[in-house]
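Undergrad: 3D model of this:
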Amino acid sequence: MPVENAPRARGVDRVIDIFRQLHQARQPMSMRELIDATGAPRSSIYELVSILSEAGWLESNAEGNVFFGREMHYYGADYMTHNDLIRRSHQLMVELVAKHGETVQLCMLEGNKYTVVLSESNAQPFKITSDIGVKVPIPWTASGRLLLGDWSAEDILALIPDEDFVLANGRHIDKQEFLDDIHRAGAQGYYLTEGLSDSFTCCMAAPIRTRAGQAVAAFCFMVSRDTPMERRQMLLQELIVSAQRLSELS
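TA: The predicted structure follows:
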């Protein structure tokens, strides 16, 4: 890179880092917290926050803490409107929540992690939710087992870091068992996990495929583990049909 472009590149990198830190925090951060989290010079962070605030990308509250601004919401709305899969998925998710009262999610891979792209829940006091955009180890999820169905065993093990085979409770997931799960998920066209990422949740997932057959996303119901088996089967069939509807339009 030419020397004269290096300061500009560092500035762009720092803007990206500010956004990443705010997303990870999922709440306003003080200037000191941003400086510590990014490791950037104090003067640079103050200057960038000022510029981004003037553009509406960031906002400050009464305490002087910084978070995403209204302009970011507009950009996100534009993306949702023009991304066909996300737009159609959201419409269907709203229908499913209204019909069944359970949490519905659209999930995808991002690098070597899994992330929730969309999540819709009911208004009941007890509900199961996951933070949108937070990266989670792939072996912790039902969706991950579906989304890796087209990968070779060697590529899967090369993709996933060893530490991601350790659950939050310290239990280790056997790598061969994980590969067997992926094969089973592909064969049956859905997957269900219980108490994997947390002790009280059952996750059922079905793949959304392109016309070429590649799994590009997964549709999921997140329900309590005490959900009766008859209701689970009904929800699972509804999920599979919904994923197939989205696949036909992909």
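Undergrad: run through the chain and note the low-pLDDT ranges.
TA: Scanning the chain for pLDDT under 70 picks out 1-9, 123-130, 250.
Undergrad: ok, which stretches of it are strands?
TA: For the chain, the strands defined by DSSP state E cover 58-60, 66-68, 103-110, 113-120, 136-137, 191-194, 201-209, 215-224.
Undergrad: and stretch 233-243, C-alpha only, in PDB?
TA: Output in PDB follows, covering the C-alpha atoms of stretch 233-243 (Å, rounded to 0.1, in the frame of the first residue of the first chain):
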ATOM      1  CA  GLN A 233     -43.400 -32.700  15.800                       C
ATOM      2  CA  MET A 234     -46.100 -30.200  14.600                       C
ATOM      3  CA  LEU A 235     -43.600 -27.300  14.900                       C
ATOM      4  CA  LEU A 236     -40.900 -29.300  13.100                       C
ATOM      5  CA  GLN A 237     -43.100 -30.100  10.200                       C
ATOM      6  CA  GLU A 238     -44.200 -26.400   9.900                       C
ATOM      7  CA  LEU A 239     -40.500 -25.400  10.000                       C
ATOM      8  CA  ILE A 240     -39.600 -27.900   7.200                       C
ATOM      9  CA  VAL A 241     -42.400 -26.700   5.000                       C
ATOM     10  CA  SER A 242     -41.500 -23.000   5.600                       C
ATOM     11  CA  ALA A 243     -37.800 -23.600   4.800                       C
END
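Undergrad: my read: Gly101 touches Phe221, true?
TA: No. Here Gly101 lies out of contact with Phe221, judged by CB atoms under 8 Å, at a distance of 10.8 Å. C-betas here are computed from N, CA, C, even on glycine.
Undergrad: neighbour count winner among those two?
TA: More crowded of Gly101 and Phe221, by other CB atoms under 10 Å: Phe221, with 26 against 13.
Undergrad: the more buried one and Ala206 touch, don't they?
TA: No. Assessed by CB under 8 Å, Phe221 is found out of contact with Ala206, at 9.1 Å.
Undergrad: shared neighbours, those two?
TA: Listed as contacting both Phe221 and Ala206 by CB atoms under 8 Å, 6 or more residues apart in numbering are Leu236, Leu239.
Undergrad: pull the contacting residues for Met229.
TA: Residues near Met229 by CB under 8 Å, 6+ apart: none.
Undergrad: give me the spatial nearest neighbour of Ala243, chain neighbours excluded.
TA: Ala206 (3.8 Å; CB to CB, 6 or more residues apart in numbering).
Undergrad: what bridges to the one you found?
TA: Per DSSP bridges, the residues bridged to Ala206 are Phe219.
Undergrad: could you export the strands of the chain as CSV, including distance to Ser30?
TA: Below are the strands of the chain laid out as CSV (distance: least, CB to CB, whole Å):
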stretch, distance to Ser30
strand 58-60, 10
strand 66-68, 8
strand 103-110, 28
strand 113-120, 27
strand 136-137, 27
strand 191-194, 38
strand 201-209, 33
strand 215-224, 33
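Undergrad: relative to Arg26, which of these is closest?
TA: Nearest of the strands of the chain to Arg26, taken as CB to CB: strand 66-68 at 9.3 Å.
Undergrad: so what does the closest one touch, helix or strand wise?
TA: helix 6-25, strand 58-60 (3 or more CB pairs under 8 Å, 6 or more residues apart in numbering; DSSP states H and E).
Undergrad: list the buried residues in it.
TA: By 16 or more other CB atoms under 10 Å, the buried positions in strand 66-68 come out as Val66, Phe68.
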